[in-house]
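Novice: No sequence on hand, only this structure:
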Ligand code: C2E
Ligand code: MG
Ligand code: MG
Ligand code: MG
């Protein structure tokens, strides 16, 4: 019967869940230690204007240098940091560190920072952003916060209020990974983003199937609402050329540069290397 079934299911899954929970607990301890020991660093990936070929900004991407496992992907540890509440402290460290770094870049280069939906549940986010700007001297309009649709899902009144607080400070807001979530178009109506980042999945397929039609539609909608568009994960010249012909504003991807540590990034921002050979 149902009872026996339930018991069997329970017995079947228990050991696996136990192992998973143990692994998470270990990672949580490792994350806490890394936070105290300076185990995190930030790499920066340039964004390029498709018309000018110039670096317009850089996205801060968190890296964890683990003693035994080497570089651990944020895709692996950000979810754990979110579940355990560590994301608040970690996100604040990223924000403050990246703002200080960006203050040393040329004035026209913006900084993009990813903000977790969990950080949006904290009513002091706008205060923390203002504090990071003040401490670094970075002008507010040089900071762009990247959020995902998950921020606006469900009981989104608080998230909307916080978005408006951030806008009042003068920072820019970008919608990240566009096209991967739900009811994307309605979110564009609810909040006036400055930028839409078109997810890598559309870019990688752009020359192969109907993706270029979708990208064109997104570019058109964005333009009609005064938003710019950035294509993520541009790896080939063919993708770049197509995106440019579709009117996409910016590109980001391995074609120009992978995320780099600050010292390796600098040469891309200043001098003649700043201009990408787009021809
Ligand atoms: P994202 O914000 O969409 O960042 C873009 C991801 O695409 C980065 O992965 C970047 O390294 C990768 N990428 C860039 N160009 C290419 C390309 O040409 N080809 C391919 N295959 N990939 C490319 P990364 O650095 O592993 O970060 C993964 C995700 O982790 C980010 O996705 C973001 O959601 C999250 N993340 C990273 N840093 C932070 C952070 O400081 N805070 C928060 N909350 N999330 C972060
Ligand atoms: Mg991002
Ligand atoms: Mg993205
Ligand atoms: Mg992405």
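Specialist: Perfect, I can see it now. Not measured: the values here are computed from a predicted model. Ligands and ions are numbered 1, 2, ... in the order given.
Novice: End to end on stretch 102-122, go ahead and measure it.
Specialist: Counting by CA to CA, to the nearest Å, you get 25 Å between the two ends of stretch 102-122.
Novice: Mind listing what's buried along it?
Specialist: By neighbour count with 16 or more other CB atoms under 10 Å, stretch 102-122 contains the buried residues 102-103, 105, 109-120, 122. Placement of C-beta: from N, CA and C, glycine included.
Novice: Take those and keep only those in helices.
Specialist: Judged by DSSP state H, the subset of these located in helices is residue 102.
Novice: Of the buried residues of stretch 102-122, which are in range of ligand 2?
Specialist: residue 114 (CB under 5 Å from the ion).
Novice: In strands, which of the buried residues of stretch 102-122 fall?
Specialist: Residues of the buried residues of stretch 102-122 located in strands (DSSP state E): 110-114.
Novice: which of those residues sit farthest apart?
Specialist: Checked with CB to CB, those reach their widest spread between 110 and 114, with 13.9 Å between them.
Novice: sorry, back to before: which ones among the buried residues of stretch 102-122 also lie next to ligand 1?
Specialist: 114, 116 (CB under 6 Å from any ligand atom).
Novice: Looking at the buried residues of stretch 102-122, which is nearest ligand 2?
Specialist: For those, the closest approach to ligand 2 (CB to the ion) belongs to residue 114, at 4.5 Å.
Novice: For the stretch 151-279 of the chain, which segments count as helices?
Specialist: 157-169, 184-190, 200-204, 211-224, 237-245, 262-269 (DSSP state H, counting those that start in this stretch).
Novice: ranking those by burial, who's on top?
Specialist: Mean neighbours per residue, mean count of other CB atoms under 10 Å, is largest over the helices of the stretch 151-279 of the chain for helix 200-204, with a mean of 19.
Novice: Figure out how far that helix is from the centre of its chain.
Specialist: Remark: helix 200-204 is offset 15 Å from the chain centroid, using CA atoms, centre = their mean, to the nearest Å.
Novice: try stretch 57-66
Specialist: 10 Å.
Novice: what residues are up against residue 63?
Specialist: When contacts are counted by CB atoms under 8 Å, 6 or more residues apart in numbering, residue 63 touches 40-43, 71, 74, 259.
Novice: Assign the closest residue to it other than its chain neighbours to helix, strand or coil.
Specialist: In space, and not counting its chain neighbours, residue 63 is closest to residue 41: 5.0 Å by CB to CB, 6 or more residues apart in numbering. Assigned by DSSP: H, G, I helix; E, B strand; the rest coil, the conformation of residue 41 is strand.
Novice: Could you check the pLDDT of residue 15?
Specialist: On pLDDT, residue 15 comes in at 57.
Novice: let me redo that: residue 1
Specialist: Looking at residue 1, its pLDDT reads 39.
Novice: do residue 267 as well
Specialist: For residue 267, the model assigns a pLDDT of 89.
Novice: Kindly report the same for residue 106.
Specialist: At residue 106, pLDDT is 95.
Novice: any idea how far it is from ligand 3?
Specialist: 24 Å (CB to the ion, to the nearest Å).
Novice: do you know how far the residue lying closest to that residue once chain neighbours are set aside is from ligand 1?
Specialist: With CB to CB, 6+ apart as the criterion, residue 106 has its nearest non-adjacent residue at 5.9 Å, and that residue is residue 269. Plainly put, residue 269 is 17 Å away from ligand 1 if you go by CB to the nearest ligand atom, to the nearest Å.
Novice: Surely residue 269 touches residue 105?
Specialist: Yes - if you go by CB atoms under 8 Å, residue 269 and residue 105 touch, sitting 5.5 Å apart.
Novice: Spit out the residues that contact these two alike.
Specialist: Each of residue 58 lies in contact with both residue 269 and residue 105 under the rule CB under 8 Å, 6+ apart.
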